[in-house]
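test case, fold it:
(one chain, ligands or ions: 1)
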Amino acid sequence: MFKKILVANRGEIAMRIIRACRELNIATAAIYSEGDPTGIYVKKADEAYLVGPGPVRGFLDSQQIVDLAVRIGADAIHPGYGFLSENAEFAELCQASGITFIGPSPHAITLMGSKVKAREIAEIAGVPIVPGTDGAITDMKDALAFAKKAGYPVMIKASAGGGGRGLRVVRSDAELRENMETASREAEASFGDGSVFIEKYIERPHHIEFQILADRHGHIIHLGERDCSVQRRHQKLIEIAPSLILTPKLREEMGNAAIAIARAVRYDNAGTVEFLLDQEGRFYFIEMNPRLQVEHTITEQITAIDIVRNQISIAAGKPLDIQQKDVIMLGHAIQCRINAEDPKNNFIPCTGTVTAYLSPGGIGVRIDGAVYKDYTVPPYYDALLAKLTVRGRTWEEAVSRMRRSLEEYVLRGVKTTIPFMEAIMEEPDFMAGRFDTSYLDTHPALYTYHEFQQPEDLVLAISAAIAAYEGL
Ligand code: MV4
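As a prediction, the model looks like this:
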């Protein structure tokens, strides 16, 4: 087993990985930058090293991170999510430097990084894919011919895109002509690969993803699904497990499909296979994420399986100690992302210093976070402050527990998504489990929640006014 793991990430996911290492008696080395020197994960690691230059580049500098790992005697690196977690060259550099990359092989990362290749692999594996073009489109004639056959609307997708980037819905030949060129140019600019393909657009789908665990001895299992349909412009806000609409038959079929795709690319470690479920109950593979996901916590809460611990032991060459028959999903879990954003102001990211902090607690309540009183929220990274995950025996119990936990959550000094999440937990369609990817667009009233002034905020305002008056 590893002696020391370098955690090549920050914030809540660095905390999550450090906790798993602590439980396994593995020493940890954190990296931090000038952009967030006071991150609590830095204090929790056994060692901490400044990377740079600047607030972000150090986290993206493969050579600097691998050189550090070699210098400090780390035998493995965990990339978390984002940053270098889906970078095949980084995984290769780790291996070439004798450092274990805690994640899938570079080969699997590369294959799943191409949405066109992933579709081909799924088709060969007999997994349903959305009707679409055979490979990337280079000739407008082929694009128009596909749209004529499939019927509008269709979706233009960047092959090197993912997570919702590089997508355009078009509803006519004119729109298709206008958007093909720009889509390809944007993909070239964003991903260094301008190839695009087209799929039939699935209206108001559910976004269902299956958690995969695969070891290096050919054992592959799935840990059930997560429904991530409550999202805004591809930013997931609330995720639930299990889905409220999958039948046991669909769960079995989609779980087997997810395993078939993992097997087709000889996948190892943790990964997530994403599907769309249409209004008629048909499912389609769309992409696979070769990394740990933000929302992995809801799967852990209903299966009691520690995904990060399994990632570490798989990377150390151990066989899985669980089989598919051991995966039992009990109850319902919900995760709310507590972001430093202002839902009333187009979710713009907010910074500030936390003036009061108290996590909710009690039965079935889990906080993954790196926030504390007097923490200054840095403006350089994604806005995620903490993830609030609750589980209940029933959906209703989970919703009421999430409502109570959000109410209880004290996080002042910076605007957050907490009041917006509270509004969702009281919204009848959500409470009844009636939501798909159009939910936030079709419930605009959610954005008009009333934000109660906290007493001390009022005291601060009044005392400032008095001071100003006396100063006159
Ligand atoms: C789609 C789709 C509808 N039709 N593909 C692709 C990236 C993945 N993370 C979500 N993606 C989608 N692909 C076809 N053919 C709907 C989604 C989708 C989505 C698209 C736009 C805005 C929000 C979305 C939320 C979930 C799924």
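
C-alpha from now on. contacts and neighbour counts both.
OK.

and the helices in the stretch 51-200 of the chain?
Per DSSP state H, counting those that start in this stretch, the stretch 51-200 of the chain carries helices over the ranges 57-60, 62-72, 88-96, 106-113, 115-124, 140-150, 173-191.

could you do the stretch 251-400 of the chain as well?
Along the stretch 251-400 of the chain, counting by DSSP H, counting those that start in this stretch, helices occupy 296-303, 307-315, 395-408.

the ligand contacts on the protein?
Proximity of the chain to the ligand (Cα under 6 Å from any ligand atom) is limited to residues 130, 155, 162-164, 199-202, 207, 229, 233-234, 437.

drop anything exposed from those.
Val130, Met155, Gly162, Glu199, Lys200, Tyr201, Ile202, His207, Ser229, Thr437 (16 or more other Cα atoms under 10 Å).

is it true that the first one touches Lys200?
Translated: Val130. Yes: Val130 lies in contact with Lys200 (Cα atoms under 8 Å); the separation is 6.6 Å.

stretch 17-29: end-to-end distance?
From its first residue to its last, stretch 17-29 covers 11 Å (Cα to Cα, to the nearest Å).

quick revisit: put together a markdown table for the helices of the stretch 51-200 of the chain, with mean neighbour count, distance to Glu34 and mean pLDDT on each row.
A markdown table is the format used below for those (neighbours: other Cα atoms under 10 Å; distance: least, Cα to Cα, whole Å; pLDDT from 0 to 100):
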| stretch | mean neighbour count | distance to Glu34 | mean pLDDT |
| --- | --- | --- | --- |
| helix 57-60 | 20 | 10 | 98 |
| helix 62-72 | 17 | 15 | 98 |
| helix 88-96 | 18 | 23 | 98 |
| helix 106-113 | 19 | 30 | 97 |
| helix 115-124 | 20 | 36 | 97 |
| helix 140-150 | 15 | 48 | 97 |
| helix 173-191 | 16 | 26 | 94 |
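
ok so, going back, dump the helices of the stretch 251-400 of the chain into CSV; add mean neighbour count and mean pLDDT as well.
Listed next are the helices of the stretch 251-400 of the chain as CSV, based on neighbours: other Cα atoms under 10 Å; pLDDT from 0 to 100:
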stretch, mean neighbour count, mean pLDDT
helix 296-303, 23, 98
helix 307-315, 22, 98
helix 395-408, 19, 98
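
what's the closest of those to Met180?
Among the helices of the stretch 251-400 of the chain, the nearest to Met180 by Cα to Cα is helix 296-303 (35.0 Å).

any idea how far that closest one is from the chain center?
14 Å (Cα atoms, centre = their mean, to the nearest Å).

same for that helix, what does it pack against?
Applying 3 or more Cα pairs under 8 Å, 6 or more residues apart in numbering; DSSP states H and E, one finds that helix 296-303 contacts strand 220-232, strand 235-241, strand 332-339, strand 384-392.

the second one to strand 332-339, inter-axis angle?
Using axes from the mean of the first three to the mean of the last three Cα atoms, to 10 degrees, the inter-axis angle of strand 235-241 relative to strand 332-339 is 160 degrees.

partner strands of strand 235-241, with direction?
Its sheet considered, strand 235-241 pairs with strand 220-232 (antiparallel), strand 332-339 (antiparallel) by DSSP bridges.

find the nearest non-adjacent residue to Ser172, please.
Spatial nearest neighbour of Ser172, excluding adjacent residues (Cα to Cα, 6 or more residues apart in numbering): Tyr152 at 6.5 Å.

Pro205: neighbouring residues, count only.
By the other Cα atoms under 10 Å criterion, the neighbourhood of Pro205 contains 21 residues.

can you list phi and psi of it for me?
Main-chain torsions, Pro205, degrees, to the nearest 10: phi -80, psi 170.

same check on Ala340?
Main-chain torsions, Ala340, degrees, to the nearest 10: phi -80, psi 70.

what ranges do the strands span in the stretch 251-400 of the chain?
Under the criterion DSSP state E, counting those that start in this stretch, strands of the stretch 251-400 of the chain are mapped to 269-277, 283-289, 332-339, 341-342, 348-349, 352-353, 356-358, 365-369, 376-377, 384-392.

what's the closest of these to Tyr449?
Taking Cα to Cα, strand 341-342 is the member of these nearest to Tyr449, at 11.9 Å.

just the residues contacting that closest one, thanks.
Residues outside strand 341-342 that contact it (Cα atoms under 8 Å, 6 or more residues apart in numbering): Phe347, Ile348, Pro349, Cys350, Ala383, Lys415, Thr416, Thr417.

just among those, which is most surrounded?
Within these, Thr416 tops the neighbour count with 24 neighbours, counted by other Cα under 10 Å.

hang on, that residue packs against Cys336?
No: assessed by Cα under 8 Å, Thr416 is found out of contact with Cys336, at 11.5 Å.

quick check: closest non-adjacent residue to the residue nearest the centre of the chain.
Closest residue to the average C-alpha location of the chain: Val294 at 3.7 Å, with Cα atoms, centre = their mean. Ranked by Cα to Cα, 6+ apart and with sequence neighbours excluded, the top spatial neighbour of Val294 is Tyr81, at 7.2 Å.

what about the one you found, neighbour count?
Other residues lying near Tyr81 total 19 when counted by other Cα under 10 Å.

now Leu277
If you count neighbours by other Cα under 10 Å, Leu277 ends up with 22.

how about Ala76, nearest residue that isn't a chain neighbour?
Distance criterion Cα to Cα, 6+ apart; nearest residue to Ala76, sequence neighbours excluded, is Thr100 at 4.4 Å.

looks like the one you found contacts Asp75 (just checking).
Yes: at 6.2 Å, Thr100 and Asp75 qualify as touching, with contact defined as Cα under 8 Å.

okay, and for the chain, where does confidence drop off?
452-457, 472 (pLDDT under 70).

what residues go with each domain of it?
The chain breaks down into these domains under automatic domain parsing: 4-102, 131-200, 213-448.

which among the ones you listed is found nearest to Ser463?
Ser463 sits nearest to domain 213-448 of all the domains of the chain, at 16.7 Å, using Cα to Cα.

now the terminal residues of the closest one, how far apart.
Criterion Cα to Cα; first-to-last residue distance in domain 213-448 is 41 Å.

for stretch 319-337, same thing?
One end of stretch 319-337 to the other measures 33 Å (Cα to Cα).
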